[in-house]
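>>> What follows is a predicted structure for the sequence shown.
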Amino acid sequence: MITVRRSNERGHAEHGWLDSFHTFSFADYYDPAHMGFRALRVINEDRVAGGQGFGRHPHRDMEIISYVLEGGLEHKDSMGTGEVIRPDDVQRMSAGTGVIHSEFNASPREPVHFLQIWLMPDRRGITPSYEQKTFPRKDKAGRLLLVASPNGADGSVTIHTDATLLAGVFDAGQTAEHALAAGRHAWVHVARGSARVNGTDVTAGDAVALSQERTVRIEGIDAGELLVFDLA
């Protein structure tokens with residue numbers, strides 16, 4: 001079964017300094033038909049103006065991934081972490097028993113464009129932790145590269161839930177496949193450009209949910225950058 005979630009169907013919030021699109025219900029956007037998909041709870045596409053950002057605020061019992069598309073995102077937290085996340089970086093923060101953090105545009109002038117992703121953990125009350133790794137664009141060209149997994153396989157960041165995240169960049173005609181084990185599901189999010197997912201043409205902001213499918217098939221159309229979530 002294949003279901004398409006189009007970009008223009010998402011929730012939208014415009015706050016001047018922040019332009020945000022919500023794939024699933026978030027903050028003031030509520031749609032009972034789109035509360036998440038399996039363990040995947042949030043995909044927000046955020047554009048933050050120069051010098052602006054999200055001040056210190058708490059989280060607990062959530063796996064949070066930041067995936068920057070343009071610019072730099074400055075992260076600080078109560079664990080003492082201070083990093084700037086840039087394109088090709090994947091940042092993972094496990095909120096666990098509780099963490100306070102902030103995310104600000106690292107530039108005073110240029111906007112930052114990134115995806116904020118939340119996944120439900122497979123257990124509550126873990127010790128908070130942080131991890132950030134770089135996955136060069138050349139390693140994602142024309143293929144799906146593992147960037148997050150429960151055991152940190154192949155140099156991926158470690159997430160505390162039964163899910164894997166793969167990222168790929170596809171020019172026209174480039175193809176890749178990802179096999180889904182029995183009982184697994186997939187959510188494919190188009191970060192930018194356009195591509196064909198299991199025969200369906202999709203463009204930036206679109207997503208495709210797959211259940212009872214054996215394979216995720218990606219074909220590039222125009223500079224497509226995609227994230228594939230393999231979920232229990």
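Great, that's in hand.
>>> Okay, buried residues for the strand ranked longest in the chain please.
Longest strand in the chain, counting residues (DSSP state E): strand 215-231. By 16 or more other Cβ atoms under 10 Å, the buried positions in strand 215-231 come out as 216, 218-221, 224-231. Heads up, the C-betas are built off the backbone N, CA and C, glycines and all.
>>> now do stretch 17-36
In stretch 17-36, counting by 16+ other Cβ under 10 Å, buried: Leu18, Asp19, Ser20, Phe21, His22, Thr23, Phe24, Ser25, Phe26, Tyr29, His34, Gly36.
>>> now swap in stretch 122-129 and tell me
Under 16+ other Cβ under 10 Å, the buried positions of stretch 122-129 are Pro128.
>>> Poorly predicted segments of the protein, please.
Judged by pLDDT under 70, the chain has no weakly predicted residues.
>>> before we move on, back to that, pull the CA atoms of the longest strand of the chain into PDB?
Provided in PDB are the C-alpha atoms of strand 215-231 (Å, rounded to 0.1, in the frame of the first residue of the first chain):
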ATOM      1  CA  THR A 215      11.000  -2.600  -1.600                       C
ATOM      2  CA  VAL A 216      11.500   1.100  -1.700                       C
ATOM      3  CA  ARG A 217      12.600   2.100  -5.200                       C
ATOM      4  CA  ILE A 218      14.000   5.600  -5.800                       C
ATOM      5  CA  GLU A 219      14.600   7.100  -9.300                       C
ATOM      6  CA  GLY A 220      16.100  10.600  -9.600                       C
ATOM      7  CA  ILE A 221      14.400  13.200 -11.700                       C
ATOM      8  CA  ASP A 222      16.000  16.500 -10.800                       C
ATOM      9  CA  ALA A 223      18.600  16.900  -8.000                       C
ATOM     10  CA  GLY A 224      16.500  14.900  -5.500                       C
ATOM     11  CA  GLU A 225      17.600  14.600  -1.900                       C
ATOM     12  CA  LEU A 226      15.500  12.000   0.000                       C
ATOM     13  CA  LEU A 227      15.300  10.600   3.500                       C
ATOM     14  CA  VAL A 228      14.000   7.000   3.900                       C
ATOM     15  CA  PHE A 229      12.800   5.800   7.300                       C
ATOM     16  CA  ASP A 230      12.600   2.000   7.800                       C
ATOM     17  CA  LEU A 231      10.100   1.500  10.600                       C
END
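>>> quick one on the thing from earlier: tell me the one of the buried residues of stretch 17-36 nearest Gly82?
When these are ranked by distance to Gly82 (Cβ to Cβ), Leu18 comes first, at 21.6 Å.
>>> starting at the chain centroid, how far to stretch 136-152?
13 Å (Cα atoms, centre = their mean, to the nearest Å).
>>> Before I go, just wanted to say thanks for your time.
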